[in-house]
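1. Model the following, please.
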Amino acid sequence: MTDSAQEVLMRQILSFLTIIIIGIVALGFYRGWFGVTTEGADGQHRITLTVDGDKIKADEKRAQEKLPAIGQSTTKPEPVKN
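-> Residues are numbered from 1 along each chain as shown. Reported below is the predicted structural model:
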């Protein structure tokens, strides 16, 4: 690989990872895993990021319960006749 091909590949990998991270953060805010609060007094501002670990674990458990059902068939397969 040439230097420019390596640079392009590295840029594509970093772009992909950035998109994945943005997607996870957006999903987290949507699902209520993360929260941001602000307070301000006397010209000072405080920004707090809260992570709700219990909500994340509850969603993880719910996803694990649903995932095995995705690949299961509702009817039994017919036995192969010889």
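
2. Give me the buried positions along the one helix or strand residue 26 maps to.
-> Under the criterion of DSSP states H and E, residue 26 resides in helix 3-31. Going by neighbour count (16 or more other Cβ atoms under 10 Å), the buried part of helix 3-31 is residue 28. For every residue, glycine as well, the C-beta is placed using N, CA and C.

3. Check which helices and strands that helix sits against.
-> Contacts defined by 3 or more Cβ pairs under 8 Å, 6 or more residues apart in numbering; DSSP states H and E place helix 3-31 against strand 34-41, helix 53-70.

4. following the first one, which helix or strand comes up?
-> On the C-terminal side of strand 34-41, the nearest following helix or strand under DSSP H and E is strand 44-51.

5. Residues in contact with that following strand: which ones?
-> 33, 34, 35, 36, 37, 38, 39, 40 (Cβ atoms under 8 Å, 6 or more residues apart in numbering).

6. Next, work out how far apart the residue nearest the centre of the chain and residue 7 are.
-> The centre of the chain sits closest to residue 24, judged by Cα atoms, centre = their mean, with a distance of 3.5 Å. As judged by Cβ to Cβ, to the nearest Å, residue 24 and residue 7 stand 26 Å apart.

7. Tell me which of the helices and strands packed on helix 3-31 lies nearest to residue 81.
-> helix 53-70 (29.4 Å; Cβ to Cβ).

8. what's in contact with that closest one?
-> Contacts for helix 53-70 (Cβ under 8 Å, 6+ apart): 28, 31, 32, 33.

9. who's in contact with the second one?
-> With contact taken as Cβ under 8 Å, 6+ apart, residue 31 is in contact with 55, 59.

10. for the last one, same thing?
-> Residues in contact with residue 33, defined by Cβ under 8 Å, 6+ apart, are 27, 51, 52, 55, 56, 59.

11. what sits against the third one?
-> What that stands for is residue 52. Taking Cβ under 8 Å, 6+ apart, we find residue 52 in contact with 32, 33, 34, 35.

12. Go again with 6 Å.
-> Contact analysis of residue 52 by Cβ atoms under 6 Å, 6 or more residues apart in numbering lists residue 33.
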